[in-house]
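Q: Here is the input, now give the coordinates:
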Amino acid sequence: MISFPTAKINLGLHVTAKRKDGYHDIESCMVPIPLTDALEMIINTKKTSFESTGLEIPGETKDNLILKAYQLLKKDFPNLPHVSIHLHKNIPMGAGLGGGSADAAFALKLMNNLFDLILDDFFLEEYAAQLGSDCPFFIENTPKIARGRGEILESIELDLARTHLVLVNPGIHIGTKEAYAGITPTAPKSSLEEVLKNKSRWKNELINDFEVGIFPNHPEIAAIKNKLYENGAYYAAMSGSGSSVFGLFEEKPPSIEWEDRYFKFEGIL
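A: Residues are numbered from 1 along each chain as shown. Now for the predicted structure:
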């Protein structure tokens, strides 16, 4: 059985408070995009195994979120058979696109179908929340307002049909410490839901708080955002804590020249 975990972008990202548990409360609109990995699982009678192709995945295999998702379900369903897992990694990692979280969430959904567990989305989101803050979003995988650590989700109607997306990642790693170093948690000045209703407000009011601290340290990322606007994007922003930057266009954008070393993706939402 095979599935295709999607990446996501953030339309606005406000860091609203520092929590007692060390995490931060955020507010953002997360939207899936048609940039995907490929995840295959088949039942294996002997042992559970994991292999990957495509982009190299850092860290030890035992720490991969897909295997952790399998182990999480096996705790509650001890009779789960062994599986052979193959992940083709295409979504850049540590890029603000949620690729690892998507892999974990899609693994839960895939196993739910493969093993006939008949778990509804509510329970899958509960499992996903134990794997990472972004993971629950990818269970329903539709536009959501995310609050709390990112796990409190509310559906939102958002008409992005036929919107053209240009996504660029310069390969700059932004660590969590650096990302939050430039943040002063504050309540947003405007209602995110209200701003999202009017695209003419997006450029000036749909803000990613991480840009304020990251752009001065990495002007190359800021330059990508500016270039997207110069080429006709009606909205451009860094996704998550970076370093990916995306632009949204009403019509197919002109061909834009980027550095050869950049990861580039174009698609229609």
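
Q: residue closest to the middle of this structure?
A: G98 (2.5 Å; CA atoms, centre = their mean).

Q: Return the residues in contact with that one.
A: Neighbour list for G98: 7-8, 30, 134, 137-138, 240 [criterion: CB atoms under 8 Å, 6 or more residues apart in numbering]. Yep, even glycine has a C-beta here, placed from its N, CA and C like the rest.

Q: Look up phi and psi at it.
A: phi 70, psi 20 (degrees, to the nearest 10).

Q: cool, and N198?
A: The phi/psi pair for N198 (degrees, to the nearest 10) reads phi -130, psi 100.

Q: With P216 instead?
A: The phi and psi values for P216, taken as degrees, to the nearest 10, are phi -60, psi -30.

Q: ok, now how distant is it from E178?
A: Counting by CB to CB, to the nearest Å, the gap from P216 to E178 is 12 Å.

Q: for I43, same thing?
A: For I43 relative to E178 (CB to CB), the value is 43 Å.

Q: Compare these two (neighbour count), which wins?
A: The neighbour count for I43 versus E178, taken as other CB atoms under 10 Å, is higher for E178 (16 against 12).

Q: Let me know the helix or strand that that one is in.
A: Using DSSP states H and E, the element containing E178 is helix 176-181.

Q: chain center to that helix: distance?
A: Distance of helix 176-181 from its chain centroid, counting by CA atoms, centre = their mean, to the nearest Å, is 18 Å.

Q: Could you check how many residues crowd around R149?
A: With other CB under 10 Å as criterion, R149 counts 17.
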